[in-house]
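A.B. asks: I'll drop the sequence and a predicted model, then ask my questions.
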2 protein chains.
Amino acid sequence: MTDTRNVTADRLQGFIASAFRACGMSDGNANRMGTLMAKADIGGQYGHGVFRLPMYIKRIRAGGMSVNPDIKVISERTATALLDGGNGPGHLVMSRAAELAAEKARNCGVAWVGARYSNHAGPAFLYAQMPLAHDMIGLYVAVGSANHMPPWGGTDLLLSTNPIAVAIPSNTRPDIVLDMATTVAAYGKVKTAADRGETMPEGWMIDKLGQPLTDPTRSSEGLLLPIGGPKGYGLSLIFGLLAGTLNGAAFGKDVVDFNADARATTNTGHFIIALDIAAFADVETFKAQIDGIWDEMKSSALLPGVEEIRLPGERLAATTEDREANGILIPKALGNRLDALAVELGIERL
Amino acid sequence: MTDTRNVTADRLQGFIASAFRACGMSDGNANRMGTLMAKADIGGQYGHGVFRLPMYIKRIRAGGMSVNPDIKVISERTATALLDGGNGPGHLVMSRAAELAAEKARNCGVAWVGARYSNHAGPAFLYAQMPLAHDMIGLYVAVGSANHMPPWGGTDLLLSTNPIAVAIPSNTRPDIVLDMATTVAAYGKVKTAADRGETMPEGWMIDKLGQPLTDPTRSSEGLLLPIGGPKGYGLSLIFGLLAGTLNGAAFGKDVVDFNADARATTNTGHFIIALDIAAFADVETFKAQIDGIWDEMKSSALLPGVEEIRLPGERLAATTEDREANGILIPKALGNRLDALAVELGIERL
């Protein structure tokens, strides 16, 4: 057992990759898992990084997720594709989807690639960012991996936090990267509040009588609230239909709670859009305009008590820079779980 | 001067078309304006229908909008296009964009068509619905035509209600049609509350000290609030960059308040995506699945006090059916303004 520890990004990537290799994953795929999962921690998305490793490994060992998936294109047009993820980790499926989308968008100007038979893919921003390397805008949507929200006015848990992420490149400012759940709070924030013994603010959840629920240890009795009431419900529904139903992936009552069931195939759906900036504008001029909009927003007069306007992606960029330089703090309880996992898999501990 | 009157859809379309013809618009374009603007009223979007006619005509007569615009494709790939709307009404520009998007998506599976030098186009749902006739999903985003929102934490009005609409076809149930502003309340709802002498609920607007503003007659001192706080701010920003900046259209401080200035070119930006369902799924199977999801949501248990779950597009379909059968009610004050317009243009009154 150890105390809180600080690990380098390289060390974290290597540990994650070695865990997947120990389960029989190929080197290339294991390294990709390490890179992407560590990127979640480096970017400050604690609940979507190495925190999830024990659950992913449990699912692989229970036969609920394929360790070397056969990811196939099952239908294709010049600007679209539908992938069957072969029940592999969402990270591998959506990396492939992002590559294919960028390739198609290079020719067509835009591409939309959907996937079925995938799994949880970590934070949405990872995939929205991928087209940036090609001077493209990225847009990613997923069906969340457990239902915690009813349709507006109801109490049956038929909807998830179905997130959207969009990344737009800048020149000298941080890239604009929006990554948001369609609920007021992502479920991970509820779990974090429970872990810390904190009370949730009103507005995150209600109970089945419609009363505010602020005790996160009672979250299983509660309903997440959508942003903007019926609007967030509408967005979650639409995103579920586009990322799930259209791809032949699970949506609504068919969504498997991947926290509760490590064996059932989740048939997770996602889609990614890559949009080639050059099809609309001069790339460098556009990036300079994004810098200009950035500065315009930052220089707005402030409400009383507000210190600074933030742009979407600003904190991600700052956290990433800090953690790449100074390492990532692994809380004691998580460190202990990862040590136990290392023993179980016969790999060097983190 | 007349009292409240009830007019048929045909009559309303004809009146609108005759107003544009009287300004020199071609028959085909005038009829399209009549059809689309009346469709807003028929669908229950009072603030986006014939209510706007006096303002559009004023803009045309002041030289601020072109009556027979030369709408041109200025850059194109197989799955994308950028239109220059020739400073024409948004209805004409985005109808052309929707046609082009459907044509390209028929070949490529998906298409993204943006526009610059356009104008206010009425309700977003009109354009999202257009691809439905081709068994395609439609997605439309616009830069709003006046800034009423600051960046989150700020007080400078740099953002608009930047709406999104998405339409997904069903089989026997109403099509799913989401049409939403990224603010808690669209500005039209504020103006309607002012017209009716009503108080706004807390949460729609704040003043520049961050206090709730509930008197709609003071709305010019207020700031619209985004859905989900920083999330809605992020969505509004991203939509503005994609529909505005990427297309070379106005965004941020460059947005012209079209209510306040009838002469300045608004350079309004929008985009539409058409997504061919057949590129991903069997069309009839997919539509039947949408019916199934519809029923699944409707049959959820209800929160206390709630009578019914609604799906996005349900009210639109019911209102449309009712008004096509029973006519559209024109409030007295609007009727008077339209009568004055008829006299001014030398056309038969509504």
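C.D. replies: The structure has been received and is ready for your questions. Numbers count the residues shown, from 1 in each chain, chains lettered A, B, ... in the order given.
A.B. asks: now the strands: where do they sit in the stretch 251-350 of chain A?
C.D. replies: Using DSSP state E, counting those that start in this stretch, the strands found in the stretch 251-350 of chain A span residues A:268-276, A:328-330.
A.B. asks: Could you look over those strands and pick the most buried one?
C.D. replies: Mean neighbour count (mean count of other C-beta atoms under 10 Å in any protein chain shown) peaks for strand A:268-276 among the strands of the stretch 251-350 of chain A, with a mean of 29. (Each C-beta comes from the backbone N, C-alpha and C, glycine too.)
A.B. asks: can you state the direction angle for that strand and strand B:268-276?
C.D. replies: 130 degrees (axes from the mean of the first three to the mean of the last three C-alpha atoms, to 10 degrees).
A.B. asks: Show the contacting residues for the most centrally placed residue in chain A.
C.D. replies: Centroid-nearest residue in chain A: A:P123, 1.8 Å away (criterion: C-alpha atoms, centre = their mean). Residues in contact with A:P123 (C-beta atoms under 8 Å, 6 or more residues apart in numbering or on different chains) are A:40, A:43, A:45, A:48-49, A:165, A:179.
A.B. asks: same check, this time on A:K287
C.D. replies: A:169-171.
A.B. asks: Can you name the residues bridging to A:S118?
C.D. replies: A:T268 (DSSP bridges).
A.B. asks: and it, how many neighbours does it have?
C.D. replies: A:S118 has 34 neighbours, counted by other C-beta atoms under 10 Å in any protein chain shown.
A.B. asks: mind listing what it touches?
C.D. replies: Counting by C-beta under 8 Å, 6+ apart, A:S118 has contacts A:83, A:85, A:87-90, A:93-94, A:249, A:266-270.
A.B. asks: List the ones among the residues you listed that fall in helices.
C.D. replies: Using DSSP state H to define helices, the subset of the contacts of A:S118 located there is A:90, A:93-94.
A.B. asks: Summarise which helices and strands the one helix or strand A:I60 maps to is packed against.
C.D. replies: Using DSSP states H and E, the secondary-structure element containing A:I60 is helix A:53-61. Using 3 or more C-beta pairs under 8 Å, 6 or more residues apart in numbering or on different chains; DSSP states H and E, the elements in contact with helix A:53-61 are helix A:9-22, helix A:332-345.
A.B. asks: and of these, who's closest to B:P54?
C.D. replies: Evaluated with C-beta to C-beta, those place helix A:9-22 nearest to B:P54, the distance being 60.8 Å.
A.B. asks: quick revisit: can you add neighbour count and pLDDT and give the contacts of A:K287 back as JSON lines?
C.D. replies: Listed next are the contacts of A:K287 as JSON lines, based on neighbours: other C-beta atoms under 10 Å in any protein chain shown; pLDDT from 0 to 100:
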{"residue": "A:P169", "neighbour count": "23", "pLDDT": "98"}
{"residue": "A:S170", "neighbour count": "22", "pLDDT": "98"}
{"residue": "A:N171", "neighbour count": "16", "pLDDT": "97"}
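A.B. asks: ok, back up a step: right, and out of the contacts of A:P123, which lies closest to chain B?
C.D. replies: Nearest to chain B among the contacts of A:P123 is A:D179, at 8.8 Å by C-beta to the nearest C-beta.
A.B. asks: pLDDT score for that closest one?
C.D. replies: What the model reports for A:D179 is a pLDDT of 98.
A.B. asks: which other helices and strands contact whatever helix or strand it lives in?
C.D. replies: Assigned by DSSP H and E, A:D179 falls within strand A:176-180. In this structure, strand A:176-180 packs against helix A:125-129, strand A:164-168, helix A:314-326, helix B:230-243, with contacts taken as 3+ C-beta pairs under 8 Å, 6+ apart.
A.B. asks: can we see that at 7 Å?
C.D. replies: Under the contact criterion of 3 or more C-beta pairs under 7 Å, 6 or more residues apart in numbering or on different chains; DSSP states H and E, strand A:176-180 touches helix A:125-129, strand A:164-168, helix B:230-243.
A.B. asks: Name the surrounding residues that touch it.
C.D. replies: The contact list for strand A:176-180, computed with C-beta atoms under 7 Å, 6 or more residues apart in numbering or on different chains, reads A:123-125, A:128-129, A:163-168, A:170, A:290, A:311-313, A:316, B:231, B:234, B:238, B:241.
A.B. asks: and that strand, which strands flank it?
C.D. replies: Checking strand A:176-180 against DSSP bridges gives partners strand A:164-168 (antiparallel).
A.B. asks: Dump the strand it pairs with to PDB, restricted to CA.
C.D. replies: Coordinates of each C-alpha in strand A:164-168 appear next as PDB, following Å, rounded to 0.1, in the frame of the first residue of the first chain:
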ATOM      1  CA  ILE A 164     -20.800  16.100 -27.500                       C
ATOM      2  CA  ALA A 165     -17.300  17.300 -28.100                       C
ATOM      3  CA  VAL A 166     -16.200  19.800 -30.800                       C
ATOM      4  CA  ALA A 167     -12.600  20.900 -31.500                       C
ATOM      5  CA  ILE A 168     -11.700  24.000 -33.600                       C
END
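A.B. asks: Might you report the residue contacts of A:S170?
C.D. replies: For A:S170, counting by C-beta under 7 Å, 6+ apart, the contacting residues are A:176, A:287, A:290-291, A:294.
A.B. asks: Most neighbours among the residues you listed, which one?
C.D. replies: A:I176 (24 neighbours).
A.B. asks: So that residue versus B:I238, what's the distance?
C.D. replies: According to C-beta to C-beta, to the nearest Å, A:I176 and B:I238 sit 7 Å apart.
A.B. asks: do A:P201 as well
C.D. replies: Taking C-beta to C-beta, one finds A:P201 at 25 Å from B:I238.
A.B. asks: Please apply the same query to A:G228.
C.D. replies: From A:G228 to B:I238 the distance is 16 Å (C-beta to C-beta).
A.B. asks: repeat for A:G346
C.D. replies: From A:G346 to B:I238 the distance is 45 Å (C-beta to C-beta).
A.B. asks: Name the residue in those two with the higher neighbour count.
C.D. replies: With neighbours defined as other C-beta under 10 Å, A:G346 and B:I238 compare such that B:I238 has more, 25 against 8.
A.B. asks: what is in contact with A:I176 and B:I238 at once?
C.D. replies: A:I168.
A.B. asks: Farthest from the middle of chain A: give me that residue.
C.D. replies: Centroid-distance maximum for chain A: A:P304 at 33.4 Å, with C-alpha atoms, centre = their mean.
A.B. asks: was I right about that residue contacting B:Q211?
C.D. replies: No. With contact defined as C-beta atoms under 7 Å, A:P304 does not reach B:Q211; the gap is 9.4 Å.
A.B. asks: Residues of the stretch 101-250 of chain A that sit close to chain B?
C.D. replies: A:107-110, A:112, A:114, A:150-151, A:153-156, A:158, A:166, A:168, A:176, A:178, A:180, A:184, A:209-210, A:227-228, A:231-232, A:234, A:237-238, A:241, A:245-248 (C-beta under 7 Å from any C-beta of the partner chain).
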